[in-house]
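J.: Need a 3D model of the following:
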Amino acid sequence: MKKIKPWIFLCLLLSLFNSSCGILDPAPRTDGKFTDHYYSCGPASIGDALTDFYAKNNIYVKRELTSKEISIRIQERYKIISLRGIMAVFDKRASQITFPKELIDELASHNIEVTEVNSLDDIDTISDTALVLVHKKGTILYYHWVCYPCETAQHYGKDTVIDKIYVLRLKSK
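T.: Take a look at the predicted model:
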């Protein structure tokens, strides 16, 4: 068995002192839930999309869920094995991530299915509501969910790359 070289050990040790390190500076939690996720773009965009979708489809709901309530529902659904939790050990900012599967499952719980489309041109801005995942060109850290057409999909301006586009539809019976 090889020994770890001293310089590798030193690099690993120094990496623990990174200001965003989840080991020494963990993401805040309340009742086991990541509180930074409550108001991150995923739950907020889902809330905006539900509001827009209900209005466009003349659906009455007694009370709409808040971003915090949506986040708690998502985190409850995936509390046993959470990729977000594993990633947050290494970088607390990962606690804010909402994965596409989580978004799709939350919408399904509202009797809404999603259809993935290839282009914003496939969306009728008058009758459709979509959730769009974008990231900043040349980065792997800056991803953002937007409710389209409520918000512009060009979140990062000319540096915006569109990754996924999900159009909301009522589930067929």
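
J.: Counting residues, which helix of this structure comes out longest?
T.: helix 41-56 (DSSP state H).

J.: hang on, Asp121 in a helix?
T.: Yes: counting by DSSP: H, G, I helix; E, B strand; the rest coil, Asp121 is part of a helix.

J.: Next up, the contacts around it.
T.: By Cβ atoms under 8 Å, 6 or more residues apart in numbering, no residues touch Asp121. To be clear about C-beta, it is placed using only N, CA and C from the backbone, and glycine gets the same treatment.

J.: and the gap between it and His135?
T.: Plainly put, Asp121 is 20 Å away from His135 if you go by Cβ to Cβ, to the nearest Å.

J.: Against Thr30, how distant is Thr66?
T.: From Thr66 over to Thr30 (counting by Cβ to Cβ), the distance is 15 Å.

J.: Those two: which has the busier surroundings?
T.: Counted by other Cβ atoms under 10 Å, Thr66 and Thr30 do not tie: Thr66 has more neighbours, with 14 against 9.

J.: Show the contacting residues for the more buried one.
T.: Contacts for Thr66 (Cβ under 8 Å, 6+ apart) come out as Gly47.

J.: who does the longest helix of the chain touch, helix- and strand-wise?
T.: helix 67-77, helix 100-108, strand 130-136, strand 143-148 (3 or more Cβ pairs under 8 Å, 6 or more residues apart in numbering; DSSP states H and E).

J.: Could you export the helix or strand following the first one as CSV, CA atoms only?
T.: Along the chain past helix 67-77, the next helix or strand (assigned with DSSP states H and E) turns out to be helix 83-90. Output for helix 83-90, consisting of C-alpha atoms alone and laid out as CSV, is shown next (Å, rounded to 0.1, in the frame of the first residue of the first chain):
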residue,chain,number,x,y,z
LEU,A,83,-27.0,14.2,-3.4
ARG,A,84,-27.5,17.7,-2.1
GLY,A,85,-26.5,16.6,1.4
ILE,A,86,-23.4,14.8,0.2
MET,A,87,-22.3,17.7,-2.0
ALA,A,88,-22.9,20.2,0.9
VAL,A,89,-20.3,18.3,3.0
PHE,A,90,-17.7,19.6,0.5
